[in-house]
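**Q** Predicted structure and sequence below. I'll ask about it afterward.
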Amino acid sequence: MKRQRIGFTLVELLVVITIIGILMGLLLPAVNAAREAARRNQCSTQLKNLALAAIQFENAKGELPGYINDFGTFVTGPDPSSESGANVDGHRKIGTWAVSLLPFLDGQPTYEQWSQDRYPVLNAAGDWNEKAAPNLAIMQCPSDPNSESSLGSNSYVSNNGTPVLPGASSSDPDLISFSTSQDRANGAFNAKYIDGTATGPAVRLDDFKDGQGNTMLFSENVQAMPWHLPGFTTAGTLIPTSGTEIGYPTNSRYYQGMVWHYEDPNNGTAPGSGWNAAGAPGAVDPVHKINSGDIYNLELTSAPADLARPSSAHTDGVNAGMADGGTRFITASIDYRVYQALLTPRGKSSSVPWKEFVLSDDDY
């Protein structure tokens, strides 16, 4: 009588394991792709909320906030929110666009820490007060590998126009002076604190003559500095010396900002008098493009003006919040003129090299 075999042979077991391995290999990329798609959508939603908060701010205040703002002064004394009651040195409360938007992002308690003079934004040791710079979920893209920080984690930047472009020699006038760089035609956010002197003009949504849906307010940057940090190297810089103002920090334009540079992809085929009166541009520096450079290892503080551009861990591009409250996915391969047009609310009046460029939906 023939005995019935029970169980698997070694060959059959190996075949089953191989089939399971193949199926897992096929399924894991799909699972990871679905997970990344969900993260990208969450990031897009957060940028939409930032854009809507900026629109609400403009409706309430009559203008957009600056990329740097003055929120008042804390006079020397104890921190009323501290259990220890330790004295805190007097300091100025100079913060970012993100601080201004806190009331429209369910961050009223944190905003009061900044806006009410009885609360400090520094602690007794001269460092940042944790209550003034908490980690906020809305400021962190879930795909950002560099978003972890003890205070003020941040993945997002605002449209801060263009940097100053000095002339070729000391005898030449500035091609783009500081005041020109603050023009409402060159960007959505400008400086509202400049060492006690005149600040940038009010920027209103009505100034977006290129169309609010064609102008970026916010985008991503995996190297963005903490959302509360207004360009200073240390928190102690907010403590003024006797009789002096806190100096304007140049890096405030770049720490939580994106900028466009006076460069053109077709600089080799200059149209003569067609260039902006500021002069013929240079070629586009590759590091100024979207997702340029080593986004995982470079630190923004090593080259602030160069790395103040959109970047993300998403495939092929970045999310952007537009001035109409919508969002778009901007591909990393777009022409630099398109990038300039997306950042300039009024391209015909801006300081871009080629003012005649007209943005269309087919461009990005």
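**A** Yes, it's here.
**Q** Okay, the residue nearest to P353 when sequence neighbours are not counted and D306: tell me how far apart.
**A** Nearest residue to P353, sequence neighbours excluded (CB to CB, 6 or more residues apart in numbering): P281, at 3.9 Å. Quick note: C-beta positions are derived from backbone N, CA and C, even for glycine. Distance, P281 to D306, using CB to CB, to the nearest Å: 16 Å.
**Q** Ok, A202 next?
**A** From A202 over to D306 (counting by CB to CB), the distance is 29 Å.
**Q** Give the residue from those two that has the larger number of neighbours.
**A** D306 (18 against 15; other CB atoms under 10 Å).
**Q** pLDDT (mean, whole number) over the longest helix along the chain?
**A** Ranked by residue count and defined by DSSP state H, the top helix of the chain is helix 10-61. On average, the pLDDT along helix 10-61 is 85.
**Q** repeat for stretch 163-176
**A** Here the average pLDDT along stretch 163-176 is 69.
**Q** what does stretch 128-142 give?
**A** 94.
**Q** What's the end-to-end length of it?
**A** 25 Å (CA to CA, to the nearest Å).
**Q** Identify all contacting residues around it.
**A** Stretch 128-142 has contacts (CB atoms under 8 Å, 6 or more residues apart in numbering) with 39, 42-43, 46, 49-50, 79, 81, 98, 105, 107, 109-110, 113-114, 119-123, 147, 149, 151-156, 220, 222, 226-228, 235, 312-313, 319.
**Q** Of those, select the buried ones using a ChimeraX command.
**A** In ChimeraX, a selection of the buried entries from the contacts of stretch 128-142 looks like this (16 or more other CB atoms under 10 Å):
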select :39,43,46,49,50,79,98,105,107,110,113,114,119,120,121,122,123,147,151,152,153,154,155,156,220,222,226,227,228,235,312,313,319
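**Q** Pull the number of nearby residues for V15.
**A** Neighbours around V15, by other CB under 10 Å: 12.
**Q** distance of it from G21?
**A** Counting by CB to CB, the gap from V15 to G21 is 11 Å.
**Q** just to revisit the earlier point, give me the number of residues near the residue nearest to P353?
**A** 22.
**Q** Dihedrals phi and psi, it?
**A** The phi and psi torsions at P281 (degrees, to the nearest 10) take the values phi -80, psi 170.
**Q** repeat for D106
**A** Torsion angles, degrees, to the nearest 10, at D106: phi 60, psi 40.
**Q** for the one 3 residues further on, same thing?
**A** Note on P109: its backbone torsions stand at phi -60, psi -40 [degrees, to the nearest 10].
**Q** show me what contacts it?
**A** By CB under 8 Å, 6+ apart, the contact set of P109 is K131.
**Q** That one and A133, how far apart?
**A** From P109 over to A133 (counting by CB to CB), the distance is 13 Å.
**Q** Repeat that for L359.
**A** In terms of CB to CB, L359 sits 37 Å off from A133.
**Q** Likewise for I22?
**A** 49 Å.
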